[in-house]
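K.L.:
What would the 3D arrangement of this be:
(4 chains)
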There are 2 protein chains.
Amino acid sequence: MSENKSKHQQVIEALAVADGPMSANELWEHLRSNPSLNSIGIATVYRSLKKGVEDGELVPVELESGSVRYESSGLQHHHHFLCSTCSRAYDVEGCVKNLDKLLPQGFEMTRHEILLYGLCADCKMAG
Amino acid sequence: MSENKSKHQQVIEALAVADGPMSANELWEHLRSNPSLNSIGIATVYRSLKKGVEDGELVPVELESGSVRYESSGLQHHHHFLCSTCSRAYDVEGCVKNLDKLLPQGFEMTRHEILLYGLCADCKMAG
DNA sequence: CCGTGAATGATAATCGATTATCATGCCGTG
DNA sequence: CACGGCATGATAATCGATTATCATTCACGG
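P.N.:
A predicted model of the protein is given here:
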């Protein structure tokens, strides 16, 4: 029946409403714990992520060593916050000026990323 | 004889004069190609990096997925440039203001990293 | 000169992430 | 209903990075 979403769609949509980029494993655990769907295999998550990138719906984001996260493409310019306790990544809005001033002579910059580290609101409250 | 440096020292010193953080593999290739020392094993590089961090001489830097780079501790505040052609990381001096404004409500920031991407001077010249 | 311990290097082993494989279930069509 | 194709899941295989192992070398003190 068409009202049932494919697992692939569920991966894409989970990222569409996420508050930050997620890794394959994070997505897997998130989707498995969702009661509205039976279960999902890690292989399907990887397949959907790969396809999502090929289709231009998703963008890989590498914030640290060890894993690649993914976010919906077409988000407006933003940066990321990494919680040192729960390891989750959050989108943060906005940007800063004068980044060009950091660029060394002779270098050419095509893009940039700003990473904030610390405690997210949840972990800060959990104390 | 004491005028001969240990391999460990050579690893530490190579990082001390590097223009950016280096991975174990980058260091290995760099040191192997140096005519002033016979050769060095990758195991020694890893050992020296680990010891360097334990001793507080080195700091691990994670800029992207896949590998950890290391830099001398005690460098003044700086950020990094990643060349998309040669994949090398370069230190860039300076910082920017108003990073706090990016921080979401309820979050606590302990540090930050700014990453510039593009072509380094060498790769830009090489066309 | 011999024994001991640290440093080193080659390489096997491990580890986490990702991909490949293969069998199964399901759906629509003829 | 039988068939063909696609989505899925379990899991084996792979891959790169890192660590562990083990034998060798070398400097030094007895």
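K.L.:
With DNA strand D as the reference, measure out to A:Glu57.
P.N.:
14 Å (Cβ to the nearest atom of the strand, to the nearest Å). Bear in mind the C-beta positions are built from the backbone N, C-alpha and C, glycine included.
K.L.:
right, and that residue touches A:Leu75 too?
P.N.:
No. Using Cβ atoms under 8 Å, A:Glu57 is not in contact with A:Leu75; the gap is 11.5 Å.
K.L.:
Among these two, which residue is more densely surrounded?
P.N.:
A:Glu57 (18 against 11; other Cβ atoms under 10 Å in any protein chain shown).
K.L.:
Could you list the low-pLDDT ranges of chain A?
P.N.:
A:1-4 (pLDDT under 70).
K.L.:
And chain B, is the host helix or strand of A:Ser48 touching that?
P.N.:
Element membership for A:Ser48 (DSSP states H and E) is helix A:42-54. No. Helix A:42-54 is not in contact with chain B by Cβ under 8 Å from any Cβ of the partner chain; minimum separation 13.7 Å.
K.L.:
Okay, buried residues for that helix please.
P.N.:
Within helix A:42-54, the residues that count as buried by 16 or more other Cβ atoms under 10 Å in any protein chain shown are A:Thr44, A:Val45, A:Ser48, A:Leu49, A:Gly52.
K.L.:
contacting residues around the residue nearest the centre of chain A?
P.N.:
Chain A has A:Pro21 as the residue nearest its centroid, 0.9 Å off, counting by Cα atoms, centre = their mean. By Cβ atoms under 8 Å, 6 or more residues apart in numbering or on different chains, the residues touching A:Pro21 are A:Leu15, A:Val61, A:Leu63, A:Arg69, A:Tyr70, A:Glu71, A:His80, A:Ala89, A:Asp91.
K.L.:
Touching, A:Ala18 and A:Glu71? I think so.
P.N.:
Yes. Using Cβ under 8 Å, A:Ala18 is in contact with A:Glu71, at 7.4 Å.
K.L.:
Just the strands from chain A, written as ranges.
P.N.:
Using DSSP state E, the strands found in chain A span residues A:22-23, A:58-64, A:67-72, A:78-83, A:89-93, A:108-119.
K.L.:
Columns mean neighbour count on top of these, output as TSV?
P.N.:
Output for these, formatted as TSV (neighbours: other Cβ atoms under 10 Å in any protein chain shown):
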stretch	mean neighbour count
strand A:22-23	22
strand A:58-64	19
strand A:67-72	20
strand A:78-83	20
strand A:89-93	19
strand A:108-119	17
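K.L.:
Name the nearest residue to A:Arg47, ignoring sequence neighbours.
P.N.:
A:His8 (7.4 Å; Cβ to Cβ, 6 or more residues apart in numbering or on different chains).
K.L.:
I am finished for the moment; much appreciated.
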